[in-house]
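Asks: quick one, what's the 3D model for this:
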Amino acid sequence: MSEFRPSSKVVDLSTAAAPLLGAAKYKAVIIAWLKSTSKKLTIFFMNPDTWKRPKVWIIGLIFLRLAYVFMNEYGLNPFKKSLVGDHVFLTGAGGGIGRLMALRFGKLGCKLSLSDIDEPAINQTKDYLLERGVPAENICCFGADMSSVESIKEGGRIAREAFGDVTILVNNAGIVSGKQTLQLTESMINRTFAVNTISHIHTIKEFLPGMKSQKRGHIVTIASVSGLAGLPGITDYCGSKFGAVAIDECVRTELKKTGDWAYIKTTCICPYFISTGMFEGVGNIFPLYMLSPDEVADRILSGVRQEENFIVIPWRGNMVFLANLFPAVIKDRISNFMGADAVMDTFQGKGDTRMPGLDLSE
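Replies: Numbering: from 1, shown residues only. Below is the predicted model of the structure:
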C-alpha cells in the first residue's frame with residue numbers, strides 16, 4: 001500500500017470535499033442520467049398519444065394532489081391570502097394556542113377581538129402581545145363565557161364597536177372533564193357541549209351576517225382528532241368535538257349552496273393532544289405524539305391563509321379515515337394495539353380548573 005503524501009498544489013475545496021460526500025466521482029454519471037431522463041420525459045409528455053392513456057392522467061392527478069398536500073403541510077403554498085386589516089374574533093385567547101394564534105394574527109396586521117372566561121388570563125395575553133410588538137390600537141380584550149348566549153352577543157357588540165364587522169371567526173374555546181361516562185355529572189356534560197359545540201352555532205349566527213354584507217369572511221373551527229374517533233375516558237369531549245366537526249361541514253355546505261362560498265371560507269382543524277396542560281398526563285397513540293402549541297398555531301395560520309377546508313395535525317393522523325374502513329371489531333383491535341384504550345389512563349389535566357365556570361364539587 002503506497003504512502004499518502006499531501007499535494008502541494010492549491011485545490012478547490014468543493015472538489016476536494018465532494019469525494020468525502022460520495023458524490024464527486026458520480027457527478028458526471030448523475031448529470032448524464034438527468035439529461036437523458038429529462039429528454040425522455042420531454043419526448044414522452046410532448047407526444048400527443050401519451051395523453052390518450054388514462055393511467056397517465058391518473059398518475060398525474062395523484063402526483064399533483066400529493067404535491068399540493070406537501071406544499072400546504074409545510075406552508076409552501078404560493079397563493080396565501082393576505083390578512084392585513086382583517087378583524088379576528090378569537091375565543092379562548094387567555095392561553096395555550098389561543099394566545100399564540102392571537103400573536104400570529106396580530107403580526108400579520110389583523111385587528112384582534114380576544115375573549116376568554118378567565119379575565120386575568122386575557123389581560124395577560126394583551127400584555128404578551130404588546131411586549132412582542134402588536135399595536136395596542138389593534139387589540140380589544142374582554143371576558144366572555146361561551147356557554148352563555150348573552151355573553152356571546154355582548155362580546156359581539158364589544159368587537160363591532162371596536163373594529164366593525166368580524167371577518168375571521170376562530171372558535172377555539174374548549175374544556176375537558178376527563179371522566180369516564182358513569183363519572184360525568186349532568187353539569188359537566190351540559191357545559192362541555194355548551195362550550196365545545198353549541199357555542200359555535202351561536203358565534204356563527206352572530207358574525208356570519210356581517211361577513212356576508214362585507215363579502216369577506218373565514219370561519220375557523222378548532223376541533224380535535226377526538227372528533228374523528230372515539231376514545232375511552234372522554235365521552236363528552238369526543239361527542240362535543242364530533243359535533244364541532246359536523247357544524248363546520250354543515251356550514252360549509254350551506255355556504256356553497258347559497259353561493260357565499262365564493263368569499264366566505266371555512267377551515268376545520270383536528271389536532272391530536274397539545275401540550276398546553278389541558279391534557280396533561282395523557283399517553284400517546286402510535287404513531288402520533290403530543291403536539292407543541294407553536295407547531296399547531298403555525299399550522300392553523302398557514303391553513304387559514306391557504307384556505308384549506310380540513311386539517312389533521314399531524315398529517316399522519318389522517319390514518320383514522322383508513323381505520324374507519326375496517327369493521328368495528330377489527331378497527332377496535334388496531335386502535336387498542338396502538339395504545340388508544342389506555343391513552344387517558346394517566347390523564348391529569350388542569351385539576352379543578354379544567355372546566356372554568358363550573359362547580360365540580362357537585
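
Asks: pull the longest helix from the protein.
Replies: Longest helix in the chain, counting residues (DSSP state H): helix 235-258.

Asks: what's the mean pLDDT across the host helix or strand of Ile330?
Replies: Per DSSP states H and E: Ile330 is located in helix 328-337. Average pLDDT, helix 328-337: 87.

Asks: now find how far off-centre that helix is within its chain.
Replies: In terms of Cα atoms, centre = their mean, to the nearest Å, the centre of helix 328-337 is found 26 Å from the chain centre.

Asks: and stretch 48-67, by the same measure?
Replies: 30 Å.

Asks: all the helices of the protein, residue numbers only.
Replies: Secondary structure of the chain (DSSP H): helices at 13-17, 27-46, 54-73, 96-107, 119-131, 149-163, 186-193, 199-214, 235-258, 293-305, 319-323, 328-337.

Asks: relative to Gly143, which of these is closest?
Replies: Relative to Gly143, the nearest member of the helices of the chain by Cβ to Cβ is helix 119-131, separated by 4.0 Å. Just so you know, the C-beta spots here come from the backbone N, C-alpha and C atoms, and that holds for glycine as well.

Asks: with just CA atoms, put the closest one into PDB.
Replies: Taking Å, rounded to 0.1, in the frame of the first residue of the first chain, the C-alpha atoms of helix 119-131 are listed here in PDB:
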ATOM      1  CA  GLU A 119     -60.300  37.800  32.600                       C
ATOM      2  CA  PRO A 120     -56.900  37.900  34.300                       C
ATOM      3  CA  ALA A 121     -55.600  35.500  31.700                       C
ATOM      4  CA  ILE A 122     -56.900  37.500  28.800                       C
ATOM      5  CA  ASN A 123     -55.300  40.600  30.200                       C
ATOM      6  CA  GLN A 124     -52.000  38.700  30.400                       C
ATOM      7  CA  THR A 125     -52.500  37.800  26.700                       C
ATOM      8  CA  LYS A 126     -52.800  41.500  25.900                       C
ATOM      9  CA  ASP A 127     -49.500  42.200  27.800                       C
ATOM     10  CA  TYR A 128     -47.900  39.300  25.900                       C
ATOM     11  CA  LEU A 129     -48.900  40.800  22.600                       C
ATOM     12  CA  LEU A 130     -47.800  44.300  23.400                       C
ATOM     13  CA  GLU A 131     -44.400  43.000  24.500                       C
END
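
Asks: run through who's touching it.
Replies: Residues outside helix 119-131 that contact it (Cβ atoms under 8 Å, 6 or more residues apart in numbering) are 93-95, 98-99, 102-103, 106, 112, 114-116, 136, 139, 141-143.

Asks: buried ones in it?
Replies: 121-126, 129 (16 or more other Cβ atoms under 10 Å).

Asks: now do stretch 105-120
Replies: For stretch 105-120, burial by neighbour count (16+ other Cβ under 10 Å) applies to 105-106, 108, 110-118.

Asks: and what of stretch 314-333?
Replies: For stretch 314-333, burial by neighbour count (16+ other Cβ under 10 Å) applies to 314, 317, 319-320, 323, 331.

Asks: can you lay out the residues you listed as a markdown table showing distance to Gly60?
Replies: Listed next are these as a markdown table, based on distance: Cβ to Cβ, whole Å:
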| residue | distance to Gly60 |
| --- | --- |
| Pro314 | 27 |
| Gly317 | 27 |
| Met319 | 25 |
| Val320 | 28 |
| Ala323 | 29 |
| Lys331 | 33 |
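
Asks: the buried residues of helix 119-131 into CSV, with extra columns for distance to Glu206 and pLDDT?
Replies: Shown next, in CSV, are those (distance: Cβ to Cβ, whole Å; pLDDT from 0 to 100):
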residue, distance to Glu206, pLDDT
Ala121, 22, 95
Ile122, 19, 96
Asn123, 23, 95
Gln124, 25, 96
Thr125, 21, 97
Lys126, 22, 96
Leu129, 23, 97
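
Asks: TSV please, covering those and showing distance to Thr192.
Replies: What follows is those, written out as TSV (distance: Cβ to Cβ, whole Å):
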residue	distance to Thr192
Ala121	20
Ile122	21
Asn123	26
Gln124	25
Thr125	23
Lys126	28
Leu129	29
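
Asks: now flag whichever of those residues is closest to Ser36.
Replies: Leu129 (56.0 Å).

Asks: for Phe142, see how far away that closest one is.
Replies: 14 Å (Cβ to Cβ, to the nearest Å).

Asks: what packs against the lengthiest strand in the chain?
Replies: As assigned by DSSP state E, the longest strand anywhere in the chain is strand 264-271. When contacts are defined as 3 or more Cβ pairs under 8 Å, 6 or more residues apart in numbering; DSSP states H and E, strand 264-271 sits against helix 199-214, strand 217-222, helix 235-258, helix 293-305, strand 310-313.

Asks: shaky segments in this protein?
Replies: Counting by pLDDT under 70, the chain shows low-confidence ranges at 1-27, 350-362.

Asks: and Glu161, how far from Met146?
Replies: Using Cβ to Cβ, Glu161 is found at 20 Å from Met146.

Asks: more neighbours, the two?
Replies: Met146 (28 against 10; other Cβ atoms under 10 Å).

Asks: that one and Leu255: what is the separation?
Replies: Remark: distance between Met146 and Leu255 (Cβ to Cβ) = 22 Å.

Asks: angle of the longest strand of the chain against helix 293-305?
Replies: Angle, strand 264-271 to helix 293-305, by axes from the mean of the first three to the mean of the last three Cα atoms, to 10 degrees: 160 degrees.

Asks: could I get strand 264-271 in PDB with only the CA atoms?
Replies: Provided in PDB are the C-alpha atoms of strand 264-271 (Å, rounded to 0.1, in the frame of the first residue of the first chain):
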ATOM      1  CA  ILE A 264     -66.600  33.100   2.900                       C
ATOM      2  CA  LYS A 265     -64.400  30.100   3.700                       C
ATOM      3  CA  THR A 266     -64.300  27.600   6.500                       C
ATOM      4  CA  THR A 267     -61.400  25.700   8.000                       C
ATOM      5  CA  CYS A 268     -61.800  22.800  10.400                       C
ATOM      6  CA  ILE A 269     -58.700  21.900  12.500                       C
ATOM      7  CA  CYS A 270     -58.300  18.500  14.100                       C
ATOM      8  CA  PRO A 271     -55.100  18.300  16.100                       C
END
